[in-house]
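> how would this look folded up:
(one chain, ligands or ions: 1)
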Amino acid sequence: MIEDLIPKRLLIELRTVVNKLVDSALGIEVHNEIFDLERTHTPLEPRVRRIKTPHKLDEIFWRVLRHSSVLNVLHSLIGNNVRLHGSKLNIKAPRYGAPVEWHQDWAFYPHTNDDILAIGLMLDDVEDDNGPMLAIPGTHKRPKVWDHHMNGNFCGAINLDNLSDIDFSSAVSCTGPAGSCSFHHVRLVHGSAQNRSNNPRHLLLYECAAADSWPLLNFKSLDEFDSRLICGNSTISPRSNYAPIRMPYPPAVGQGSIYENQSAIDKRYFEIS
Ligand SMILES: O=C(O)CCC(=O)C(=O)O
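Residues are numbered from 1 along each chain as shown. Reported below is the predicted structural model:
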(Lines give C-alpha, C1' and ligand atoms only; values in the text may rest on other atoms or scores of the structure.)
Protein backbone atom coordinates (compact mmCIF):
# COMPACT_ATOMS: atom_id res chain seq x y z
CA MET A 1 0.00 0.00 0.00
CA ILE A 2 1.17 3.51 -0.75
CA GLU A 3 -0.98 6.30 0.65
CA ASP A 4 -1.85 9.39 -1.38
CA LEU A 5 0.12 8.28 -4.44
CA ILE A 6 -2.09 10.13 -6.92
CA PRO A 7 -2.23 13.94 -6.67
CA LYS A 8 -5.59 15.31 -5.57
CA ARG A 9 -6.19 17.38 -8.71
CA LEU A 10 -5.75 14.36 -10.98
CA LEU A 11 -7.96 12.31 -8.71
CA ILE A 12 -10.77 14.86 -8.95
CA GLU A 13 -10.49 14.89 -12.77
CA LEU A 14 -10.58 11.10 -12.80
CA ARG A 15 -13.67 10.95 -10.59
CA THR A 16 -15.49 13.37 -12.90
CA VAL A 17 -14.83 11.09 -15.87
CA VAL A 18 -15.87 8.02 -13.87
CA ASN A 19 -19.13 9.63 -12.73
CA LYS A 20 -20.01 10.47 -16.35
CA LEU A 21 -19.30 6.91 -17.45
CA VAL A 22 -21.44 5.49 -14.66
CA ASP A 23 -24.28 7.89 -15.55
CA SER A 24 -24.21 6.60 -19.12
CA ALA A 25 -25.48 3.20 -17.88
CA LEU A 26 -29.00 4.65 -17.73
CA GLY A 27 -31.22 2.60 -20.02
CA ILE A 28 -28.80 -0.35 -20.34
CA GLU A 29 -30.63 -3.67 -19.95
CA VAL A 30 -27.91 -6.33 -19.76
CA HIS A 31 -24.12 -6.63 -19.31
CA ASN A 32 -22.27 -5.36 -22.36
CA GLU A 33 -18.70 -4.59 -23.48
CA ILE A 34 -18.49 -1.65 -21.09
CA PHE A 35 -20.68 -2.41 -18.10
CA ASP A 36 -21.03 -5.31 -15.72
CA LEU A 37 -24.25 -4.86 -13.76
CA GLU A 38 -25.40 -5.80 -10.26
CA ARG A 39 -28.05 -8.54 -10.04
CA THR A 40 -30.54 -5.89 -8.92
CA HIS A 41 -29.81 -3.47 -11.79
CA THR A 42 -32.71 -2.11 -13.83
CA PRO A 43 -32.48 0.20 -16.87
CA LEU A 44 -34.23 2.99 -14.95
CA GLU A 45 -32.30 2.49 -11.72
CA PRO A 46 -28.84 1.55 -12.94
CA ARG A 47 -26.54 -0.37 -10.64
CA VAL A 48 -23.11 -0.65 -12.23
CA ARG A 49 -20.79 -3.20 -10.64
CA ARG A 50 -17.86 -2.74 -12.99
CA ILE A 51 -16.66 -0.63 -15.89
CA LYS A 52 -14.88 -3.32 -17.85
CA THR A 53 -11.97 -1.76 -19.72
CA PRO A 54 -11.68 1.90 -18.70
CA HIS A 55 -8.33 2.37 -20.51
CA LYS A 56 -10.27 2.00 -23.78
CA LEU A 57 -12.80 4.67 -22.81
CA ASP A 58 -10.86 7.79 -21.88
CA GLU A 59 -7.25 8.96 -22.10
CA ILE A 60 -7.23 9.96 -18.45
CA PHE A 61 -6.86 6.33 -17.44
CA TRP A 62 -3.54 6.22 -19.33
CA ARG A 63 -2.47 9.58 -17.91
CA VAL A 64 -2.96 8.32 -14.37
CA LEU A 65 -1.14 5.08 -15.11
CA ARG A 66 1.81 6.93 -16.62
CA HIS A 67 2.04 9.42 -13.76
CA SER A 68 5.64 9.50 -12.55
CA SER A 69 4.66 8.41 -9.04
CA VAL A 70 3.08 5.24 -10.43
CA LEU A 71 5.90 4.55 -12.91
CA ASN A 72 8.51 4.78 -10.14
CA VAL A 73 6.79 1.99 -8.23
CA LEU A 74 6.31 -0.13 -11.35
CA HIS A 75 10.01 0.24 -12.21
CA SER A 76 11.08 -0.83 -8.77
CA LEU A 77 8.79 -3.88 -8.73
CA ILE A 78 8.81 -5.25 -12.30
CA GLY A 79 11.40 -3.24 -14.23
CA ASN A 80 11.51 -0.49 -16.84
CA ASN A 81 9.60 -2.27 -19.60
CA VAL A 82 5.97 -2.73 -18.65
CA ARG A 83 2.79 -3.46 -20.61
CA LEU A 84 -0.82 -3.03 -19.54
CA HIS A 85 -2.60 -6.37 -19.61
CA GLY A 86 -6.03 -5.00 -18.75
CA SER A 87 -7.95 -2.58 -16.58
CA LYS A 88 -11.26 -2.51 -14.74
CA LEU A 89 -13.08 -0.30 -12.31
CA ASN A 90 -14.88 -2.22 -9.59
CA ILE A 91 -17.70 -0.23 -8.04
CA LYS A 92 -19.13 -1.17 -4.67
CA ALA A 93 -22.10 1.03 -4.11
CA PRO A 94 -23.20 1.69 -0.51
CA ARG A 95 -24.97 -1.27 1.15
CA TYR A 96 -25.22 -3.67 -1.79
CA GLY A 97 -21.87 -3.45 -3.71
CA ALA A 98 -21.04 -7.08 -4.51
CA PRO A 99 -18.29 -9.22 -3.00
CA VAL A 100 -15.48 -10.79 -5.02
CA GLU A 101 -14.67 -14.36 -4.01
CA TRP A 102 -11.09 -15.44 -3.20
CA HIS A 103 -8.95 -15.92 -6.28
CA GLN A 104 -5.51 -15.51 -7.85
CA ASP A 105 -5.37 -13.28 -10.93
CA TRP A 106 -2.86 -15.79 -12.36
CA ALA A 107 -5.67 -18.33 -12.71
CA PHE A 108 -7.33 -15.97 -15.23
CA TYR A 109 -4.32 -14.90 -17.29
CA PRO A 110 -1.27 -17.18 -17.09
CA HIS A 111 1.83 -15.77 -18.81
CA THR A 112 5.33 -17.02 -19.66
CA ASN A 113 6.60 -15.47 -16.41
CA ASP A 114 4.87 -14.08 -13.36
CA ASP A 115 6.44 -10.62 -13.12
CA ILE A 116 2.94 -9.23 -13.12
CA LEU A 117 1.04 -7.15 -10.60
CA ALA A 118 -2.22 -5.29 -10.22
CA ILE A 119 -2.43 -1.71 -9.07
CA GLY A 120 -5.56 -0.88 -7.08
CA LEU A 121 -6.17 2.86 -7.07
CA MET A 122 -8.75 3.91 -4.49
CA LEU A 123 -11.07 6.62 -5.76
CA ASP A 124 -12.78 6.83 -2.37
CA ASP A 125 -11.54 6.55 1.19
CA VAL A 126 -11.47 2.82 1.85
CA GLU A 127 -12.12 1.52 5.34
CA ASP A 128 -12.87 -1.85 6.84
CA ASP A 129 -16.62 -1.50 6.34
CA ASN A 130 -16.88 -0.47 2.68
CA GLY A 131 -15.53 -3.65 1.15
CA PRO A 132 -11.75 -3.21 1.02
CA MET A 133 -9.67 -5.64 -0.97
CA LEU A 134 -8.45 -8.40 1.38
CA ALA A 135 -5.21 -10.27 0.78
CA ILE A 136 -3.63 -13.36 2.29
CA PRO A 137 0.02 -12.44 2.86
CA GLY A 138 2.64 -14.78 1.42
CA THR A 139 0.31 -16.78 -0.82
CA HIS A 140 2.05 -15.40 -3.94
CA LYS A 141 5.24 -17.19 -2.83
CA ARG A 142 3.60 -20.59 -2.56
CA PRO A 143 4.44 -22.85 -5.53
CA LYS A 144 0.78 -23.18 -6.32
CA VAL A 145 -2.16 -22.15 -8.39
CA TRP A 146 -5.27 -23.10 -6.44
CA ASP A 147 -8.18 -24.88 -8.10
CA HIS A 148 -10.49 -22.28 -9.68
CA HIS A 149 -12.83 -24.86 -11.25
CA MET A 150 -16.23 -26.07 -10.17
CA ASN A 151 -18.36 -28.86 -11.68
CA GLY A 152 -15.77 -29.20 -14.46
CA ASN A 153 -15.64 -25.57 -15.60
CA PHE A 154 -13.47 -22.60 -14.72
CA CYS A 155 -15.39 -20.48 -12.20
CA GLY A 156 -12.99 -17.65 -11.31
CA ALA A 157 -12.97 -18.43 -7.58
CA ILE A 158 -10.90 -20.74 -5.41
CA ASN A 159 -12.86 -23.91 -4.86
CA LEU A 160 -13.51 -24.07 -1.12
CA ASP A 161 -14.21 -27.82 -1.10
CA ASN A 162 -11.57 -29.71 0.88
CA LEU A 163 -9.43 -26.59 1.14
CA SER A 164 -7.17 -26.68 4.18
CA ASP A 165 -4.03 -24.81 3.18
CA ILE A 166 -5.22 -21.19 3.19
CA ASP A 167 -5.72 -19.40 6.49
CA PHE A 168 -8.40 -16.86 5.60
CA SER A 169 -8.27 -15.45 9.13
CA SER A 170 -4.80 -14.08 8.32
CA ALA A 171 -6.24 -11.74 5.65
CA VAL A 172 -5.13 -8.12 5.73
CA SER A 173 -7.32 -5.34 4.37
CA CYS A 174 -6.05 -2.75 1.91
CA THR A 175 -7.42 0.46 3.36
CA GLY A 176 -6.40 4.07 2.95
CA PRO A 177 -7.48 7.54 1.90
CA ALA A 178 -8.66 8.21 -1.66
CA GLY A 179 -5.63 8.44 -3.96
CA SER A 180 -3.84 5.55 -2.24
CA CYS A 181 -2.71 2.52 -4.26
CA SER A 182 -2.19 -1.14 -3.51
CA PHE A 183 0.22 -3.22 -5.61
CA HIS A 184 -0.42 -6.94 -5.51
CA HIS A 185 1.41 -9.81 -7.15
CA VAL A 186 -0.50 -11.82 -9.76
CA ARG A 187 -0.36 -14.99 -7.63
CA LEU A 188 -1.55 -13.39 -4.38
CA VAL A 189 -4.82 -14.81 -3.03
CA HIS A 190 -7.28 -11.96 -2.56
CA GLY A 191 -10.99 -11.13 -2.52
CA SER A 192 -13.40 -8.72 -0.85
CA ALA A 193 -16.70 -8.66 1.03
CA GLN A 194 -19.93 -6.87 0.20
CA ASN A 195 -20.04 -3.16 0.96
CA ARG A 196 -22.39 -2.84 3.94
CA SER A 197 -21.57 0.76 4.77
CA ASN A 198 -23.16 3.99 3.59
CA ASN A 199 -20.04 4.95 1.63
CA PRO A 200 -19.15 3.91 -1.91
CA ARG A 201 -15.95 2.13 -2.85
CA HIS A 202 -14.59 2.66 -6.37
CA LEU A 203 -11.40 0.69 -7.03
CA LEU A 204 -9.58 1.22 -10.33
CA LEU A 205 -7.45 -1.82 -11.15
CA TYR A 206 -4.61 -1.86 -13.67
CA GLU A 207 -3.02 -5.22 -14.50
CA CYS A 208 0.62 -4.62 -15.41
CA ALA A 209 3.07 -7.18 -16.80
CA ALA A 210 6.81 -7.05 -17.46
CA ALA A 211 7.02 -6.54 -21.23
CA ASP A 212 8.80 -9.89 -21.69
CA SER A 213 5.95 -11.74 -19.99
CA TRP A 214 3.72 -12.98 -22.82
CA PRO A 215 0.16 -14.18 -22.25
CA LEU A 216 -0.67 -17.83 -22.89
CA LEU A 217 -4.23 -16.84 -23.91
CA ASN A 218 -6.07 -14.33 -26.08
CA PHE A 219 -3.21 -12.93 -28.15
CA LYS A 220 -4.87 -10.72 -30.79
CA SER A 221 -2.09 -9.06 -32.80
CA LEU A 222 1.35 -7.64 -32.25
CA ASP A 223 0.13 -4.11 -32.96
CA GLU A 224 -2.64 -4.36 -30.39
CA PHE A 225 -0.21 -5.95 -27.90
CA ASP A 226 2.42 -3.25 -28.33
CA SER A 227 -0.18 -0.48 -28.16
CA ARG A 228 -0.54 -1.32 -24.47
CA LEU A 229 3.09 -0.64 -23.58
CA ILE A 230 3.11 1.62 -20.52
CA CYS A 231 6.84 2.35 -20.49
CA GLY A 232 10.10 1.09 -21.97
CA ASN A 233 10.38 -1.30 -24.91
CA SER A 234 8.50 -4.31 -26.17
CA THR A 235 10.18 -7.58 -27.15
CA ILE A 236 9.38 -10.63 -29.25
CA SER A 237 11.59 -12.79 -27.02
CA PRO A 238 9.42 -13.77 -24.06
CA ARG A 239 11.16 -14.81 -20.85
CA SER A 240 9.90 -17.86 -19.05
CA ASN A 241 10.22 -18.77 -15.40
CA TYR A 242 8.71 -21.61 -13.48
CA ALA A 243 5.32 -20.81 -12.09
CA PRO A 244 2.60 -23.46 -11.81
CA ILE A 245 -0.17 -23.03 -14.36
CA ARG A 246 -3.73 -24.30 -14.61
CA MET A 247 -5.53 -23.11 -17.71
CA PRO A 248 -8.98 -21.47 -17.27
CA TYR A 249 -10.62 -24.12 -19.45
CA PRO A 250 -13.24 -25.35 -20.11
CA PRO A 251 -14.45 -21.73 -19.96
CA ALA A 252 -16.69 -20.43 -17.21
CA VAL A 253 -20.40 -21.09 -17.54
CA GLY A 254 -20.91 -17.37 -16.92
CA GLN A 255 -18.37 -15.95 -19.37
CA GLY A 256 -17.47 -12.27 -19.03
CA SER A 257 -16.29 -10.48 -15.91
CA ILE A 258 -15.09 -12.13 -12.71
CA TYR A 259 -18.54 -11.50 -11.22
CA GLU A 260 -20.18 -13.33 -14.10
CA ASN A 261 -17.65 -16.19 -13.80
CA GLN A 262 -18.23 -16.47 -10.06
CA SER A 263 -22.02 -16.46 -10.42
CA ALA A 264 -21.78 -20.21 -11.19
CA ILE A 265 -20.26 -21.26 -7.87
CA ASP A 266 -22.33 -23.15 -5.35
CA LYS A 267 -20.24 -22.43 -2.24
CA ARG A 268 -19.39 -18.82 -1.28
CA TYR A 269 -17.07 -17.44 1.37
CA PHE A 270 -18.53 -13.92 1.36
CA GLU A 271 -22.22 -13.50 2.09
CA ILE A 272 -24.52 -11.57 -0.24
CA SER A 273 -27.60 -9.86 1.17
O1 LIG B 1 -12.76 -5.23 -6.14
C2 LIG B 1 -12.15 -5.93 -5.34
O3 LIG B 1 -12.20 -5.78 -4.13
C4 LIG B 1 -11.29 -7.08 -5.80
C5 LIG B 1 -11.13 -7.05 -7.24
C6 LIG B 1 -10.45 -8.19 -7.85
O7 LIG B 1 -9.71 -8.89 -7.25
C8 LIG B 1 -10.69 -8.43 -9.28
O9 LIG B 1 -11.58 -7.80 -9.85
O10 LIG B 1 -9.95 -9.27 -9.84
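> switch to C-alpha atoms for all contacts and neighbour counts from now on
Noted.
> And the helices in the stretch 51-200 of the chain?
Listed in chain order, the helices of the stretch 51-200 of the chain (DSSP state H, counting those that start in this stretch) span residues 60-65, 68-78.
> so which of these is the most packed in?
Using mean count of other Cα atoms under 10 Å, the stretch among the helices of the stretch 51-200 of the chain with the largest mean neighbour count is helix 60-65, at a mean of 17.
> same for that one, what does it pack against?
Contacts defined by 3 or more Cα pairs under 8 Å, 6 or more residues apart in numbering; DSSP states H and E place helix 60-65 against helix 8-23.
> returning to that earlier point: take the helices of the stretch 51-200 of the chain and write them to JSON lines, including distance to residue 120 and mean pLDDT.
Converted to JSON lines, the helices of the stretch 51-200 of the chain look like this (distance: least, Cα to Cα, whole Å; pLDDT from 0 to 100):
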{"stretch": "helix 60-65", "distance to residue 120": "11", "mean pLDDT": "98"}
{"stretch": "helix 68-78", "distance to residue 120": "11", "mean pLDDT": "98"}
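> Please name whichever of these is nearest to the ligand.
When the helices of the stretch 51-200 of the chain are compared for distance to the ligand using Cα to the nearest ligand atom, the nearest one is helix 60-65, at 16.7 Å.
> what sits up against the closest one?
Contacts of helix 60-65 from elsewhere in the structure, counted by Cα atoms under 8 Å, 6 or more residues apart in numbering, are 6, 10, 14, 54, 55, 70, 71, 206, 230.
> OK, contacts around the third one?
This means residue 14. For residue 14, the contacting residues are 60, 61, by Cα under 8 Å, 6+ apart.
> same thing but 10 Å
If a contact means Cα atoms under 10 Å, 6 or more residues apart in numbering, then residue 14 has 8, 58, 60, 61, 63, 64, 123 as its contacts.
> Please name the residues that touch residue 24.
Taking Cα under 10 Å, 6+ apart as the contact definition, residue 24 lies against 18, 35, 46.
> Name the nearest of these relative to the ligand.
Distance from the ligand was checked for each of the contacts of residue 24 by Cα to the nearest ligand atom. The minimum falls on residue 35, at 13.4 Å.
> For the residue lying closest to that closest one once chain neighbours are set aside, the count of nearby residues, please.
If the residues on either side of it in the chain are set aside, residue 35 comes closest to residue 51, at 4.9 Å by Cα to Cα, 6 or more residues apart in numbering. Taking other Cα atoms under 10 Å as the criterion, the count of residues near residue 51 is 25.
> from memory residue 51 sits against residue 20, does it?
No: counting by Cα atoms under 10 Å, residue 51 does not reach residue 20; the two are 11.6 Å apart.
> right, and the secondary structure at residue 266 would be what?
Taken by DSSP: H, G, I helix; E, B strand; the rest coil, the conformation at residue 266 corresponds to coil.
> thinking it is in contact with residue 150, fair?
Yes: with contact defined as Cα under 10 Å, residue 266 reaches residue 150; the gap is 8.3 Å.
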